[in-house]
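**Q** Would you be able to build a 3D model of this:
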Amino acid sequence: MKLAFYIVLVCTFGLYGQADIYSESDIEFQSLFFDALLAKQKGDDKAQIDALKEIIRRDNKAHGAYYELSKTYLAQDNIELAEKNAIKACQGDPSNQWYVLLKSDIYERSEQYDKAIASYKQLIKNDPHNSVLYHRLALCQLSNQQSEEAALTLESLQSLTGITEETSRRLFDIYSKSGNEKKAIETLKNLSGKEPDNVRYLNNLTGYLLEIDDKEEATKILEKILIIDPENASANTALAKNTSKVSTSDVGGYLQSLMPLIENVNVPLDDKIRELMPHMSRIEKGTQDSDALLNISELLVDQYPDEAKVYSVRADILFYNALYEESEKNYKKAISIDDTKYPLWDQWMINLWQLGNYKSLESVSYDAMDLFPNQVNATIMHAIALAKNNNLDEANDMIDEAAIVAGSNEMLNALIGVGKVWIDNNGDEISGKVKSIDESQLSNPVWYEIIGDIYDKQGDQKLSKKYYQLAIEMGASEKNIKKKMGA
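**A** Model (predicted):
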């Protein structure tokens, strides 16, 4: 950097007189070059600017000094002075590409796109094989709402350099955003044609074809991918979905149509589960989609008998179909394979609550507390199980311990308060606290059921029914709750 700066200054101003023949003024003038250089290296902008201004005062044609001044002002975000000095530098030496490039950059940063475009065009004229200049010009044209001109700029670059991924990507973005599907597809096909066995390029093409709903052409490309790479997960997944003749609005039929994807050993398990998740979140018991999910989850267990997540998925589906005994077995199996996921323990405890298996709930919640000492919900569930098993003193000790761990967390303390009053069997004291709970924080149907119990003890049938119904909607046993409601 020092050498480059020195060369700029020397070449700009020259050395006055013949070699070894310098006047005192010449030597003083040259020393200003080095003062500016030293100040630049030290990061002393003020001293550098002062030295450069003195050079210009002595020689107002010192274009190198204008150039350095412009760069310094630009670094300070003083766009006005940066532009003024860059123009002076270009006037002093119009053929200097570095000067014009600096001026172009200033125009671009200050959003003077018309000037920036003209400036970049001048640079390209002098250096027609510099690909960076084309990309900078295209970006300015896009910023100036000239997408067609930007595309032409990049097309002209490709005619010089050949097809490249970076230029193709930017061309594709321009065409796809402007709705020019034909040119967007052509761009992706041209890139893929350069490397016919590049699966990533083919997947990109397939993705766009599916996006514009050209399933027929997408299927052809997917089949080509699988010839090159039979185990390609993305292609296997997309082909299975794409060849389905069932509308996604027909959830049950659509899920059944996914069976080829589920059965395909080349599709990763996570991809299969990802396809199921949106439908699992809205299971309705006894419907075609719930039956399809049950069938699929059974197949996944058969395929991946050593994977905890397949038992977890099957357990969730069984749970929301109110098949609590079967779901409990699957939660237990999942945790026996991988006991490091607390949400799985939480769901297992909820399941035991629905079964009314309070002895197992006491044991499981104890193990959960041991593995996850900072999970207050596990401690509260243990307290509830103790109370159900008539160990009230221990239950109250556990609730107090939960309060210590919860600290100042208002939501947890509200739940602890609800649990404590429920354990004490005195619903009258908690009405205010129950109403203050942020229900968006409740993801456990047990709490809705307990709140329903408290309102029921208060004789508030309207609110008790509301919370009982919410518990049912979240997967609680409809049969058990309706008994409480007297239905």
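**Q** quick one: pLDDT of the closest residue in space to K61 that isn't next to it in sequence?
**A** Nearest residue to K61, sequence neighbours excluded (C-beta to C-beta, 6 or more residues apart in numbering): G92, at 5.7 Å. Where C-beta positions appear, they are placed from N, C-alpha and C, glycine not excepted. Listed pLDDT for G92 reads 91.
**Q** before we move on, which element is the residue most central in space within the chain in?
**A** In the chain, the C-alpha closest to the average C-alpha coordinate belongs to R274, at a distance of 15.9 Å (C-alpha atoms, centre = their mean). Element membership of R274 [criterion: DSSP states H and E] is helix 269-280.
**Q** Check which helices and strands that helix sits against.
**A** In terms of contacts (3 or more C-beta pairs under 8 Å, 6 or more residues apart in numbering; DSSP states H and E), helix 269-280 is packed against helix 233-242, helix 251-257, helix 259-263, helix 288-303, helix 308-320.
**Q** Mean neighbour count and distance to K84 added to these, as a markdown table?
**A** Converted to a markdown table, the helices and strands packed on helix 269-280 look like this (neighbours: other C-beta atoms under 10 Å; distance: least, C-beta to C-beta, whole Å):
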| stretch | mean neighbour count | distance to K84 |
| --- | --- | --- |
| helix 233-242 | 21 | 54 |
| helix 251-257 | 19 | 65 |
| helix 259-263 | 16 | 64 |
| helix 288-303 | 18 | 69 |
| helix 308-320 | 23 | 64 |
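**Q** And these, which one averages the lowest pLDDT?
**A** helix 251-257 - the lowest mean pLDDT of the helices and strands packed on helix 269-280, at a mean of 64.
**Q** on that earlier part again, give the buried residues for the helix holding R274.
**A** Buried residues in helix 269-280, counted by 16 or more other C-beta atoms under 10 Å: D271, K272, I273, E275, L276, H279, M280.
**Q** Check stretch 160-174 too.
**A** Under 16+ other C-beta under 10 Å, the buried positions of stretch 160-174 are I163, T167, S168, R170, L171, F172, I174.
**Q** Please, where are all the strands along the chain?
**A** Along the chain, no stretch is classed among the strands by DSSP state E.
**Q** domains in it, as residue ranges please.
**A** Domain ranges of the chain: 195-243, 245-338, 340-487, per automatic domain parsing.
**Q** Would you format those domains as TSV with distance to A65 included?
**A** Below are the domains of the chain laid out as TSV (distance: least, C-beta to C-beta, whole Å):
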stretch	distance to A65
domain 195-243	49
domain 245-338	61
domain 340-487	63
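**Q** rank the ones you listed by pLDDT, which is bottom?
**A** Note on those: lowest mean pLDDT is at domain 245-338, with a mean of 82.
**Q** That domain: how far from the chain's middle?
**A** Distance of domain 245-338 from its chain centroid, counting by C-alpha atoms, centre = their mean, to the nearest Å, is 26 Å.
**Q** same question, stretch 354-372
**A** Chain-centre distance of stretch 354-372: 36 Å, with C-alpha atoms, centre = their mean.
**Q** do the same with stretch 454-471
**A** 40 Å.
**Q** Check stretch 403-414 too.
**A** Distance, centroid of stretch 403-414 to centroid of chain: 31 Å (C-alpha atoms, centre = their mean).
**Q** buried ones in it?
**A** A403, V405, A406, L412, N413, A414.
**Q** Narrow those residues to those in helices?
**A** Among the buried residues of stretch 403-414, the members falling in helices (DSSP state H) are A403, V405, A406, L412, N413, A414.
**Q** ok, so of those residues, who is nearest D213?
**A** Of all those, D213 sits closest to L412, with 48.0 Å by C-beta to C-beta.
**Q** Out of the ones in helices among the buried residues of stretch 403-414, the closest to I106 would be?
**A** I106 has its nearest neighbour among those in L412, at 56.3 Å by C-beta to C-beta.
**Q** what residues are up against that closest one?
**A** V376, A402, A406 (C-beta atoms under 8 Å, 6 or more residues apart in numbering).
**Q** can you put the residues you listed in CSV and add distance to D213?
**A** Below are these laid out as CSV (distance: C-beta to C-beta, whole Å):
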residue, distance to D213
V376, 49
A402, 53
A406, 51
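**Q** if we can go back for a sec, how near is the residue nearest to K61 to L101?
**A** Relative to L101, G92 is positioned 15 Å away (C-beta to C-beta, to the nearest Å).
**Q** can you check L318 too?
**A** Here L318 is placed at a distance of 66 Å from L101 (C-beta to C-beta).
**Q** Also P373?
**A** Counting by C-beta to C-beta, the gap between P373 and L101 amounts to 61 Å.
**Q** Tell me which of the two has more neighbours.
**A** Applying other C-beta atoms under 10 Å to P373 and L101 shows that L101 carries more neighbours, namely 19 against 11.
**Q** Test my guess that that one contacts Q122.
**A** No: using C-beta atoms under 8 Å as the test, L101 is too far from Q122 to be in contact (10.0 Å).
**Q** residues touching the nearest residue to N232 once chain neighbours are set aside, list them.
**A** Of all residues not flanking N232 in the chain, I225 sits nearest, at 5.5 Å (C-beta to C-beta, 6+ apart). The contact partners of I225, by C-beta under 8 Å, 6+ apart, come to V199, L202, N203, T206, N232, A235.
**Q** Give me the buried subset of those residues.
**A** V199, L202, N203, T206, N232, A235.
**Q** Just send these back as JSON lines, with distance to T219 too.
**A** Listed next are the buried ones among the contacts of I225 as JSON lines, based on distance: C-beta to C-beta, whole Å:
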{"residue": "V199", "distance to T219": "16"}
{"residue": "L202", "distance to T219": "12"}
{"residue": "N203", "distance to T219": "14"}
{"residue": "T206", "distance to T219": "9"}
{"residue": "N232", "distance to T219": "14"}
{"residue": "A235", "distance to T219": "11"}
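**Q** Would you agree Y107 is in contact with Y113?
**A** Yes: judged on C-beta under 8 Å, Y107 makes contact with Y113 at a distance of 7.4 Å.
**Q** Give me the more crowded residue out of the two.
**A** Neighbours per residue (other C-beta under 10 Å) separate Y107 from Y113, with Y107 holding more: 22 against 18.
**Q** Quick check: the more buried one vs D453, distance?
**A** Distance of Y107 to D453, given as C-beta to C-beta: 71 Å.
**Q** Likewise for I423?
**A** Applying C-beta to C-beta, the value for I423 to D453 is 11 Å.
**Q** Could you do E195 as well?
**A** For E195, the distance to D453 (C-beta to C-beta) stands at 66 Å.
**Q** higher neighbour count, the two?
**A** Applying other C-beta under 10 Å to E195 and D453 shows that D453 carries more neighbours, namely 20 against 13.
**Q** So the more buried one sits against K465, correct?
**A** No: using C-beta under 8 Å, D453 makes no contact with K465, being 11.9 Å away.
**Q** and T72, which of the helices and strands packed on helix 269-280 is closest to it?
**A** Nearest of the helices and strands packed on helix 269-280 (C-beta to C-beta): helix 233-242, 50.3 Å.
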